[in-house]
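**Q** Next input, structure requested:
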Amino acid sequence: MPVTPVAFLFPGQGSQAVGMLSSVKDLPAVRSMLAAAQRVLGYDLLSICLTGPKAALDDTVHAQPALFIAGLAAVEKLRAENPALVDSVSACAGLSLGEYSALVFAGVLSLEDGLKVVKVRAESMALAAQTGSHGMLSVVGVADPELQDMCALAVKMGPPGCVQTQYTWRKRRSSQSHQHCPSPAPSAASPTSCSPRAAWCPATRARWRKCSGSLRLAVR
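**A** Next up is the predicted model:
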């Protein structure tokens, strides 16, 4: 493997969009990937990527295989335009679901095995998401001690289950709760009501906002 400053990072769930793959679907290597996806998944993944509807593409069952294929399809587009650059890659990685695209690109998994794993992963995660009431918060610009205090306060104010789970990059953290709001978060209009879109919680000085299927927290 060459030692170069070139590395590939494959994206994770959330970067899907209706119309994806439209510019690469006719590349021979991508057509082969899509044929394999049809065999393993049992449905027309390309149709969902191209025409949606958005709700179908955003469904974890479809979104994860779509992004798995899209990451590898992007490599093939780059290979067609600049094969030397693809050949010069010395490292690869992926964010969450993107790890599986990286493993296939690196030759650790075959495409078909990768599809099988991603299919099980997506179906299992979708099933788990239907069990109970829960959510995930993307937290930006909060020091660790303050975030830990917020989680502790959320547990006191409502059903337990709010924990800090992940460090993604500097000043960004993830927290998870068994409730879509970590407590019955008061909205700006009423101190006792909880808005499904956004709610201001005076105790934590934070606005809990539902965005793109997840919950975001912005501290004032």
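
**Q** where does Ala93 fall, phi/psi-wise?
**A** Note on Ala93: its backbone torsions stand at phi -160, psi 170 [degrees, to the nearest 10].

**Q** Let me see the confidence value for Met150.
**A** On pLDDT, Met150 comes in at 79.

**Q** Next: His134.
**A** 69.

**Q** Pretty sure Leu147 sits against Val139.
**A** Yes - counting by CB atoms under 8 Å, Leu147 does reach Val139; the two are 5.9 Å apart. Where you see a C-beta, it was placed from the backbone N, CA and C, and this is true even at glycine.

**Q** More neighbours: which of these two?
**A** Val139 (23 against 20; other CB atoms under 10 Å).

**Q** Dig out what the more buried one forms beta bridges with.
**A** Arg173, Leu217 (DSSP bridges).

**Q** Quick check, it in contact with Glu146.
**A** No - with contact defined as CB under 8 Å, Val139 does not reach Glu146; the gap is 9.6 Å.

**Q** Domain map for this structure?
**A** Here the domain assignment for the chain is 7-129, 135-219, based on automatic domain parsing.

**Q** And those domains, which one averages the lowest pLDDT?
**A** Mean pLDDT is lowest for domain 135-219 out of the domains of the chain, coming in at a mean of 51.

**Q** Which neighbouring elements make contact with the helix or strand containing Ala80?
**A** Using DSSP states H and E, Ala80 maps to helix 60-81. Here helix 60-81 touches helix 28-41, helix 45-51, helix 54-58, helix 83-87, helix 98-105, helix 111-129, going by 3 or more CB pairs under 8 Å, 6 or more residues apart in numbering; DSSP states H and E.

**Q** How about the secondary structure of Leu9?
**A** strand (DSSP: H, G, I helix; E, B strand; the rest coil).

**Q** what's near enough to touch it?
**A** With contact taken as CB atoms under 8 Å, 6 or more residues apart in numbering, Leu9 is in contact with 92-95, 98, 102.
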